[in-house]
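*Asks:* sequence-free structure coming up:
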Ligand code: PMP
Ligand code: GLU
């Protein structure tokens with residue numbers, strides 16, 4: 001039957017993060033005692049005032065199609081958010097609302113990539129960037145960053161990677177999976193390189209911007225270098241900041257022509273994102289923001305606990321991040337210790353089978369020898385997970 005599946009689709013890998021989350025959920029449903037540290041979603045509930053806005057939208061009959069690219073109210077709320085928090089100015093015609101930031105990225109790639117165009121993606125990358133690039137007909141140019149640069153792309157590396165075929169550079173800060181964020185100086189250095197190459201677009205995936213506890217302010221490329229505004233596309237959404245992963249609202253802000261092209265794609269694919277979710281997202285962006293601080297503090301505490309606990313385990317070495325909700329330890333020494341475990345993919349299976357802990361291997365993030373553990377779960381659960389890993393290692397040796 002596989003003859004009926006398109007050749008392009010056969011080349012695409014399913015999302016590893018989703019696969020691990022699904023596997024853990026399936027094992028739990030089957031009665032297995034599994035701790036899932038695979039899922040990249042906040043464990044907090046969506047704040048009540050956001051839920052109330054959705055209920056009100058239903059009661060008021062806001063249950064019809066909206067404009068393909070989002071309601072005027074939500075686009076205004078996004079415009080206000082971008083000005084208030086990021087110091088960048090975008091009008092409604094420069095904004096599109098989609099069914100999650102993932103959808104915004106997919107729309108963007110489909111809107112700007114011609115067959116064979118190159119997309120520069122620094123490692124470790126969010127698992128979906130290369131496959132979304134492939135689906136859009138582009139070629140991923142994977143640039144390996146190192147632990148010495150804190151897993152961040154350097155200006156020199158960017159300069160080296162750009163060719164006449166480069167169409168887009170994907171930046172993600174704070175990063176999934178490393179939790180590292182670019183400092184304003186680092187980002188400006190990358191921007192200075194981009195200024196020299198007017199044929200290159202840049203996408204900044206800012207989905208974790210509110211989960212950031214670094215010393216320096218989290219910089220926005222367009223605010224730092226307004227000269228790049230006509231080549232930059234800001235990607236963001238409400239999934240992570242407001243614990244709204246299931247509501248499926250993301251957005252992009254960028255040059256009008258590109259946003260228009262994205263709108264055309266959306267008009268011929270999904271149409272508008274859910275009307276009720278849009279009302280909820282409007283309330284999220286316009287309403288009280290104290291939830292952000294509460295959530296960030298909880299993530300920071302969990303981060304501090306988990307990174308230190310992982311470093312106490314034999315064969316695991318984890319650097320601190322300053323954002324997002326993932327620990328990304330190096331596990332090469334552990335792999336060497338375990339017979340029959342040859343890489344991070346096999347180690348993840350071993351951890352699931354021996355310790356009952358689901359983690360995502362580093363390979364699908366372009367970083368073999370690492371694993372990703374999500375700390376978007378209570379410290380109690382994290383402690384339990386660490387204890388389980390420790391006991392499995394003790395009983396092994
Ligand atoms: N970008 C990154 C880096 C992510 O980790 C995710 C995961 N949810 C997304 C984008 C997409 O988020 P969503 O589609 O839920 O808005
Ligand atoms: N982005 C999250 C993660 O990395 C959610 C799953 C996904 O969309 O890939 O786990």
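*Replies:* Here it is on my side, so go on. Model, not experiment: these values are computed from the prediction. Ligands and ions are numbered 1, 2, ... in the order given.
*Asks:* Quick one: neighbours of whatever residue of the chain ends up closest to ligand 1, just the number.
*Replies:* Nearest to ligand 1, among the residues of the chain, is residue 100, at 2.7 Å (C-beta to the nearest ligand atom). C-betas here are computed from N, CA, C, even on glycine. Using other C-beta atoms under 10 Å, residue 100 is surrounded by 22 other residues.
*Asks:* mind checking pLDDT for it?
*Replies:* Residue 100 is assigned a predicted lDDT (pLDDT) of 98.
*Asks:* do residue 397 as well
*Replies:* So residue 397 comes in at 67 (pLDDT).
*Asks:* So what does the residue of the chain closest to ligand 1 look like in phi/psi?
*Replies:* Per-residue torsions, residue 100: phi 100, psi 160 (degrees, to the nearest 10).
*Asks:* Now do the contacts for residue 28.
*Replies:* Residues touching residue 28, when contacts are defined by C-beta atoms under 8 Å, 6 or more residues apart in numbering, comprise 34, 36.
*Asks:* what's the answer for residue 189, then?
*Replies:* Contacts of residue 189 (C-beta under 8 Å, 6+ apart): 154, 155.
*Asks:* change it to 10 Å
*Replies:* Residue 189 makes contacts with 153, 154, 155, 156, 158, 159, 182, 183, as judged by C-beta atoms under 10 Å, 6 or more residues apart in numbering.
*Asks:* from memory the residue of the chain closest to ligand 1 sits against residue 41, does it?
*Replies:* No - using C-beta atoms under 10 Å, residue 100 is not in contact with residue 41; the gap is 11.4 Å.
*Asks:* so what sits against both of the two?
*Replies:* Contacts common to residue 100 and residue 41, judged by C-beta under 10 Å, 6+ apart, are 239, 244, 245, 246.
*Asks:* Mark which of these are part of helices, please.
*Replies:* Among the shared contacts of residue 100 and residue 41, no member falls in helices (DSSP state H).
*Asks:* Which of those has the largest number of neighbours?
*Replies:* The member of the shared contacts of residue 100 and residue 41 that has the most neighbours, counting by other C-beta under 10 Å, is residue 244 with 25 neighbours.
*Asks:* tell me the contacts of it?
*Replies:* 41-42, 44, 46-47, 50-51, 54, 100, 237-238, 277, 280-281, 284.
*Asks:* One more pass at 7 Å, please.
*Replies:* Residue 244 sits next to 46, 50, 238, 280, 284 when contact means C-beta atoms under 7 Å, 6 or more residues apart in numbering.
*Asks:* out of these, who's near ligand 1?
*Replies:* Among these, not one lies near ligand 1 by C-beta under 6 Å from any ligand atom.
*Asks:* quick one: which of those residues sit in helices?
*Replies:* Per DSSP H, the subset of the contacts of residue 244 in helices is 50, 280, 284.
*Asks:* ok, of the residues you listed, which one's closest to residue 369?
*Replies:* Distance to residue 369 across those (C-beta to C-beta) is lowest for residue 284, with 37.9 Å.
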